[in-house]
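1. what follows is a predicted protein model with its sequence.
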Amino acid sequence: MNTEFRKNRFEIFSAFMIAVVTILSALTAWRANVADGIAGNADFEGVTSSILSQEARIVNGIHAYEHYRAYTSYYRYNELGNIMYNEGDNALLQDQSGLWGVALGLQYSFFPPRYVNRDGSYDVQRELDELWADQAQQTDLNPTPHFQRADGYRDKSIAITAVLIVFATAFFLFTAGQAIRNRLKYLFALGGILVTLAGAAIVILIEFAFL
């Protein structure tokens, strides 16, 4: 009677532990899928940010070099006016005034004078840097953190998925223990318990490690 009771109790316990391992495996697979989903979203955000950054570089480059082209026109008209003024020919004064007028109009209408250096050169890089800084305050132009986050969560998904092998081992030990008719079944059950606890601990560690 006691032998039959112990047998039934062991089978009930094994069935219970198999159910526990099954639930833990399902939860582990769910967490792996969640991490993989977050990685996919981060990849999408990274690609979007990369596209926006390339667009900003192109648009900013167009604006900056349009201003630079206007500056070169201003410089040409201004220098021609200076040459005519230095000639001192009264017949050229009207042309000289017209050239300076065009140069003045270009200066105040077609490029920002603040980017003209003291030596008379136009600082295109400074304008590009300021345009980028202004754009970065309004739009996410840095894809690197998104891709790093995606890699981290993808590693997390892979690590959690690997724990399913541990739970599969525990499932095998409990199932094999039910089929064994001697005392060896208790060793299988003990092994199943230890492997189950190890798998659960590993999942918890992975969750905390990737916070």
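-> Looks like it came in fine. Numbering: from 1, shown residues only.

2. helix, strand or coil for the residue nearest the centre of the chain?
-> Centrality entry for the chain: nearest residue to the mean C-alpha point is residue 146, 0.9 Å, by Cα atoms, centre = their mean. Of the three states, residue 146 takes helix according to DSSP: H, G, I helix; E, B strand; the rest coil.

3. just the one 4 residues further on next, same as before
-> Remark: residue 150 carries the secondary structure label helix [criterion: three-state DSSP].

4. re earlier: I'd say the residue nearest to the centre of the chain and residue 49 touch.
-> Yes - with contact defined as Cβ atoms under 8 Å, residue 146 and residue 49 form a contacting pair (5.9 Å). C-beta: built from backbone N, CA, C; applies to glycine.

5. follow-up on the earlier one: quick one: the residue nearest to the centre of the chain from residue 174, how far?
-> 43 Å (Cβ to Cβ, to the nearest Å).

6. report pLDDT for residue 6.
-> We note a pLDDT of 60 for residue 6 in this prediction.

7. give me the helix or strand of the protein that scores worst on average pLDDT.
-> Ranked by mean pLDDT, DSSP states H and E, the weakest helix or strand in the chain is helix 93-109, scoring a mean of 55.

8. pLDDT averaged over the helix or strand following that helix - what is it?
-> Sequence-wise, the next helix or strand downstream of helix 93-109 (DSSP states H and E) is helix 124-138. Averaging pLDDT along helix 124-138 yields 93.

9. on contacts alone, who are the packing partners of the longest helix along the chain?
-> Longest helix in the chain, counting residues (DSSP state H): helix 2-87. Here helix 2-87 touches helix 93-109, helix 124-138, helix 144-179, helix 184-209, going by 3 or more Cβ pairs under 8 Å, 6 or more residues apart in numbering; DSSP states H and E.

10. out of these, deepest packed?
-> Comparing those by mean neighbour count (mean count of other Cβ atoms under 10 Å), helix 144-179 comes out on top with a mean of 18.

11. ok so, going back, figure out how far the longest helix of the chain is from the centre of its chain.
-> Relative to the mean C-alpha coordinate of its chain, helix 2-87 is positioned 3 Å out (Cα atoms, centre = their mean, to the nearest Å).
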